[in-house]
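Novice: I need the structure of the sequence given here:
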Amino acid sequence: MVAILLAAALVGGIAGAAIGVLLAGNGSGTTEVEVVSSPTQATSPASRGEPLSPSAVYRSDAPGVVVITDTRTRVIPQTFFTPSEKENVGALGSGFVIDSNGDIVTNDHVVAGSSGIRVGFSGGGSYPATIVGTDASSDIAVVRVKAPASALHPLAFESNAMQVGDPVYAIGNPFGLDRTMTAGIVSAVGREIQAPNGLTIPDAIQTDAAINHGNSGGPLLDRFGNVVGVNAQIQGGTVDGNVGIGFAIPGGTARSVAEQLISTGRAKHPWLGVQIDEIDPTVAKAIRGLPAHGVEVVKVVKGSPAAKAGLKAATRPVTVDGVSAFSGGDSIVAVDGTKVESPSQLAAILAHHRPGDTLSFAVVRGGVSRTVHITLGNVPA
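Specialist: The predicted structure follows:
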């Protein structure tokens, strides 16, 4: 069962997405993201024009990549696998400059719990930094450093969609080896990875560019030297290092969240507040009143928008041909006239909205269809 507590991460005026998971999902649905123009002052190459050689990408962008350390606790290089496996003592990670004010993007899990952050630059300078804001739902954080203008080399975000096979480069500080560059391709798009607070970040970029402990928060770059993602995770298993499967938070999501953190200190994520399960066709045929498509509500969070709208969770366990499910509650079959076939599709629909938006949900309970109007909330802290 894929159990999902639905939310969506705001991307500019449109949206990226974050889906809160209670059990890790395995979907690969994608969400198209439109991002408003960025106020950041970027100096890395524009995406239009001739592609750069790998060495040219490095010369252009490596000065904008920084080393982030916690000066008040022992240093542990880390790129986390899951929140439960994360060591929350000390930190060593990567980040990159995004404007001339000294704002630096990194991962939430790199700076979470840190009490004394320092940022090291390619020229050898190291300066204390303050946390502008963190967002555990997207694993993005912004820190600010007072450094000489000569040390600040802002990198540019690129919002165009990446395709499988596109070349990419990761620059970071694996195992403390500052500003190491690795190369690879986009192995897949539309992946879902788990955020530090248990939410799911969709549209992640999978790459075979080597990512190791300490790469967290560093940029994933396209062949024009622009940031297309923020390196965040590596595939776990029994190997405590790179196995050719790394994941980056999509650049559009990272840029939007960073802009919100700089502007208000926090990011907003539209929230429905239901745990859902995809409807199995075999079960649907056997259970009277269960629709042939859609998602079944198996839990409603108390006080959530869904609860206020009267949605009811299915609580009667049933097993059909070895498939376990629940019955007796609401199933969501469409939102604002758009048919819902899976949890990832519902998340994609919600991803294009913001807290305060009111949507029309077509729901079915016991074979009876009705329309429910729900005003999306903001993901609780």
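
Novice: so residue 332 sits against residue 276, correct?
Specialist: Yes: counting by C-beta atoms under 8 Å, residue 332 touches residue 276, with 7.3 Å between them. Placement of C-beta: from N, CA and C, glycine included.

Novice: mutual contacts of those two, please.
Specialist: Listed as contacting both residue 332 and residue 276 by C-beta atoms under 8 Å, 6 or more residues apart in numbering are 295, 297, 346.

Novice: pipe these into JSON lines and attach pLDDT and neighbour count per row.
Specialist: Converted to JSON lines, the shared contacts of residue 332 and residue 276 look like this (pLDDT from 0 to 100; neighbours: other C-beta atoms under 10 Å):
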{"residue": "295", "pLDDT": "93", "neighbour count": "26"}
{"residue": "297", "pLDDT": "94", "neighbour count": "24"}
{"residue": "346", "pLDDT": "87", "neighbour count": "27"}
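
Novice: so what's residue 323 bridging to?
Specialist: On the basis of DSSP bridges, residue 323 is bridged to residue 320.

Novice: any idea what the spatially closest residue to residue 276 that is not a sequence neighbour is bridged to?
Specialist: Leaving out its chain neighbours, the residue that sits closest to residue 276 by C-beta to C-beta, 6 or more residues apart in numbering is residue 295, at 4.4 Å. Under DSSP bridges, the beta-bridge partners of residue 295 are residue 278, residue 332.

Novice: got it, and the one 4 residues further on?
Specialist: According to DSSP bridges, the partner residues bridging residue 299 are residue 275.

Novice: make sure it is actually in contact with residue 272.
Specialist: No: using C-beta under 8 Å, residue 299 is not in contact with residue 272, being 11.7 Å away.

Novice: ok, the two, which is more surrounded?
Specialist: Each of residue 299 and residue 272 has its neighbours counted (other C-beta atoms under 10 Å); residue 272 has more, 32 against 21.

Novice: isn't the more buried one right up against residue 379?
Specialist: No: between residue 272 and residue 379 there is no contact, the gap being 9.8 Å when judged by C-beta under 8 Å.

Novice: stretch 180-191 - what's its average pLDDT?
Specialist: Stretch 180-191 carries an average pLDDT of 95.

Novice: and it, which residues are buried?
Specialist: 180-184, 186-187, 189-191 (16 or more other C-beta atoms under 10 Å).

Novice: hmm, who's touching that stretch?
Specialist: 28-31, 54, 57-58, 62, 161-174, 202-211, 245, 247.

Novice: circling back: who has more neighbours, residue 332 and residue 276?
Specialist: Legend: neighbour count by other C-beta under 10 Å for residue 332 and residue 276, higher for residue 276 (30 against 27).

Novice: state the distance from that one to residue 319.
Specialist: Distance, residue 276 to residue 319, by C-beta to C-beta, to the nearest Å: 19 Å.

Novice: equivalent analysis for residue 365, please.
Specialist: Applying C-beta to C-beta, the value for residue 365 to residue 319 is 21 Å.

Novice: more crowded one of the two?
Specialist: Between residue 365 and residue 319, counting by other C-beta under 10 Å, residue 365 is the more crowded of the two (18 against 10).

Novice: what sits against that one?
Specialist: Contact analysis of residue 365 by C-beta under 8 Å, 6+ apart lists 289, 312, 329-331.

Novice: closest one to residue 134 out of the shared contacts of residue 332 and residue 276, please.
Specialist: residue 346 (27.3 Å; C-beta to C-beta).
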